[in-house]
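Predicted model and sequence below, questions to follow.
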Amino acid sequence: MAGVELILAALLAGAGAGASTVVSSTIQDAYKGALSILQNRLARHGRAQAIEAGGVGSTEWRTALCAALEETGVAADEEVLIAMQDLLEAVEMGKAEHFDLRDAKGVQIGHSNTQHNTFS
């Protein structure tokens, strides 16, 4: 995913998760942190207002932010991209399914697990 697309996807995912009544502090912290880093980088170029243009997700917002990211080179800023990737990962982790495992035996949740069971 290219810089601009990654940034837009992360901001939209973070804002969408924030609209939920049940949002983990991890997602909130990741969103606030990523947004702060992005605002600081854009402010260095006098373009911080692009984040607020028209509201997150609107056509005006997308157009203004894309232009600002490309014109300032912020779309390639490594710290911004890492923060956005972290935000996307936090949102994905927040979508984890919940299981009721009461009275369960020999259950594994996750990937690449190894388990040896002996039931009597």
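Structure's in. What do you need?

For this structure, which segments are assigned as helices?
Along the chain, counting by DSSP state H, helices occupy 3-18, 25-44, 59-72, 78-94.

got the angle between the longest one and helix 59-72?
Same thing as helix 25-44. Helix 25-44 and helix 59-72 meet at an angle of 60 degrees, taking axes from the mean of the first three to the mean of the last three Cα atoms, to 10 degrees as the criterion.

Please renumber the chain so that the first residue is 817 from this point on.
Yes, from this point I'll number from 817; that puts the last item at helix 841-860.

tilt between helix 841-860 and helix 819-834?
Angle between the axes of helix 841-860 and helix 819-834 is 140 degrees (criterion: the same axes, to 10 degrees).

quick one: contacts for residue 852?
Neighbour list for residue 852: empty [criterion: Cβ atoms under 8 Å, 6 or more residues apart in numbering]. Every C-beta, even on glycine, is put in place using the N, C-alpha and C of the backbone.

before we move on, what about residue 893?
By Cβ under 8 Å, 6+ apart, the residues touching residue 893 are 819, 857.

So for it, what's the pLDDT?
Note on residue 893: pLDDT of 95.

same deal with residue 880?
So, for residue 880, pLDDT stands at 92.

again, but for residue 829
On the pLDDT scale, residue 829 is placed at 89.

Not counting sequence-adjacent ones, nearest residue to it?
Nearest residue to residue 829, sequence neighbours excluded (Cβ to Cβ, 6 or more residues apart in numbering): residue 907, at 4.5 Å.

do residue 826 as well
residue 900 (3.7 Å).
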